[in-house]
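Colleague: Model the following, please.
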Amino acid sequence: MDLAAASVPFGQVPLAELRRSHVEQWVKQMATRGLAPGTIGTRVSNVRAVLRAAVRDWVIAHDPSDSVTLPRLRRAEAAMTLPTNGQVGAILSAADERFRALAAFAGLRLGEAAGL
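Modeller: Now for the predicted structure:
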């Protein structure tokens with residue numbers, strides 16, 4: 001919580017004057033600095049907890065962090081890659097004739113394909 005509180009550039013802005021754009025700029029700054037999406041999400045969640053408590057206590061009418069888009073958590077190295085035409089051709093050539101359509105086009109994981 002201390003890291004989140006220390007990192008907000010709008011810490012001196014009165015709650016009544018806090019806008020969604022303040023939170024969006026903060027998220028963008030953290031992403032630009034290279035913080036991991038999970039770290040950004042944790043910090044925003046901590047600040048959201050404070051803002052939601054302020055709404056419940058009628059200090060502010062609404063939570064300015066509502067609907068702020070956070071960076072995606074998926075790592076680039078974990079993203080799916082599509083095979084090239086050459087790779088699909090190699091799969092079709094290597095696969096048993098009975099399983100060619102499944103091998104290249106069914107989207108099976110390795111264990112599922114091996115089971116077949």
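Colleague: how about stretch 68-84: buried residues?
Modeller: Under the neighbour-count criterion of 16 or more other CB atoms under 10 Å, stretch 68-84 has 68, 70, 71 buried. All C-beta spots, glycine's among them, are computed from the backbone N, C-alpha and C.
Colleague: As CSV, those residues with secondary structure and pLDDT would be great.
Modeller: Formatted as CSV, the buried residues of stretch 68-84 follow (DSSP: H, G, I helix; E, B strand; the rest coil; pLDDT from 0 to 100):
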residue, secondary structure, pLDDT
68, coil, 93
70, coil, 92
71, coil, 87
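Colleague: can you put those in JSON lines and add distance to residue 5?
Modeller: JSON lines is the format used below for these (distance: CB to CB, whole Å):
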{"residue": "68", "distance to residue 5": "17"}
{"residue": "70", "distance to residue 5": "18"}
{"residue": "71", "distance to residue 5": "20"}
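Colleague: wait, which of these is closest to residue 2?
Modeller: residue 70 (20.3 Å; CB to CB).
Colleague: Grab the nearest non-local neighbour of the closest one.
Modeller: Distance criterion CB to CB, 6 or more residues apart in numbering; nearest residue to residue 70, sequence neighbours excluded, is residue 41 at 5.3 Å.
Colleague: what's near enough to touch the residue minimising distance to the centre of the chain?
Modeller: Nearest to the geometric centre of the chain sits residue 72, at 1.6 Å (CA atoms, centre = their mean). Going by CB atoms under 8 Å, 6 or more residues apart in numbering, residue 72 touches residue 37.
Colleague: Show the end-to-end separation of stretch 10-20, please.
Modeller: Using CA to CA, to the nearest Å, one end of stretch 10-20 lies 11 Å from the other.
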